[in-house]
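# make a model of this:
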Amino acid sequence: MSKAIVIIPTYNERENIADMIDAVMNLPLSFHILIVDDNSPDGTAQAVEELKAVYNRQEIRLHLLKRKGKLGLGTAYIAGFKYALQYGYDYIMEMDADFSHDPKDLPRLLRVCMENGADVAIGSRYVSGVNVVNWPIGRVLLSYFASLYVRIITGMPVYDTTAGFVCYHRSVLETIPLDEVKFIGYAFQIEMKFKAWKYGFKLAEVPIVFTERTRGQSKMSAGIFKEAFFGVLQMEIQSWFAKYQRRRTPQSAEVTQPQLNQNG
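So this is what the prediction gives:
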């Protein structure tokens with residue numbers, strides 16, 4: 001069985017999902033995929049069911065978790081994390097279905113954990129400048145300064161705090177109390193990195209190029225940014241009274257910035 005599984009949450013991604021699954025399955029390293037679908041009206045889950053017959057002939061590589069409705073990005077990932085831990089995967093990865101994250105970067109993130117000793121590898125838009133394609137300048141500035149705001153408030157030395165292209169070693173997800181993660185929107189990504197850092201895990205940012213979707217509709221909304229803005233303050237204050245302890249010998253909490261070849 002592959003040691004790595006890629007969790008892809010979906011809601012109305014039928015236009016992208018077959019191409020995305022095919023791109024991941026044909027990478028030189030073997031990845032399994034878990035699609036977490038929130039009862040997409042466009043039939044995304046049905047498309048995945050059809051593809052399972054293609055990709056699961058010799059080994060079960062494509063998994064599907066169907067939920068009753070649109071319950072939020074954070075809860076989709078939590079459900080996916082629990083599934084991956086239950087079935088024994090060592091490296092649990094997350095990415096979007098719309099090709100804003102390049103599947104070819106998955107091996108780079110995995111190698112940073114497997115070979116460079118990181119517990120969390122973050123596909124970062126901002127660790128080596130601003131690497132975003134097809135976003136209006138207003139959205140680029142909003143995203144960039146949102147991460148700067150998080151760094152200032154929390155002290156967490158991560159340049160792309162809202163990044164949703166991440167590889168976790170299973171020990172991170174076994175340590176973080178997943179049922180206590182509060183945020184369900186994009187602030188979920190901030191909270192997961194913050195908790196991993198607080199628990200003393202080693203975080204590494206890997207430079208990527210983020211490309212805005214060309215098919216389907218963005219899930220971004222004003223409410224998502226509101227949750228992140230006010231939630232970060234609350235998260236930081238609550239951390240003053242929390243204890244972060246884990247069973248294995250802790251490494252020093254740090255963020256490294258490996259200089260990896262973009263095609264490596």
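
# so residue 236, which state does it fall into?
With DSSP: H, G, I helix; E, B strand; the rest coil as the basis, residue 236 sits in helix.

# distance check, it against residue 4.
Residue 236 sits 32 Å away from residue 4, taking C-beta to C-beta, to the nearest Å as the criterion. All C-beta atoms are positioned from the backbone trio N, CA, C, and that covers glycine.

# please apply the same query to residue 57.
On the measure of C-beta to C-beta, residue 57 and residue 4 end up 20 Å apart.

# more crowded one of the two?
For residue 57 versus residue 4, neighbours defined as other C-beta atoms under 10 Å are more numerous around residue 4 (22 against 9).

# could you give the bridge partners of the closest residue in space to the more buried one that isn't next to it in sequence?
For residue 4, ignoring the flanking residues on the chain, the nearest one in space by C-beta to C-beta, 6 or more residues apart in numbering is residue 91 at 4.1 Å. On the basis of DSSP bridges, residue 91 is bridged to residue 4, residue 169.

# any regions of this protein where pLDDT drops low?
Applying pLDDT under 70 to the chain flags residues 1, 213-228, 247-264.

# how about the strands of the stretch 51-200 of the chain, start to end?
62-66, 91-94, 120-124, 132-133, 166-169 (DSSP state E, counting those that start in this stretch).

# who does the third one touch, helix- and strand-wise?
When contacts are defined as 3 or more C-beta pairs under 8 Å, 6 or more residues apart in numbering; DSSP states H and E, strand 120-124 sits against helix 106-114, strand 166-169, helix 187-198, strand 202-207.

# run through who's touching whichever strand or helix holds residue 48.
If you go by DSSP states H and E, residue 48 is part of helix 44-55. Here helix 44-55 makes contact (C-beta atoms under 8 Å, 6 or more residues apart in numbering) with 10-14, 17-18, 21, 25, 35, 37, 39, 61-62, 64, 66.

# that'll do, ta.
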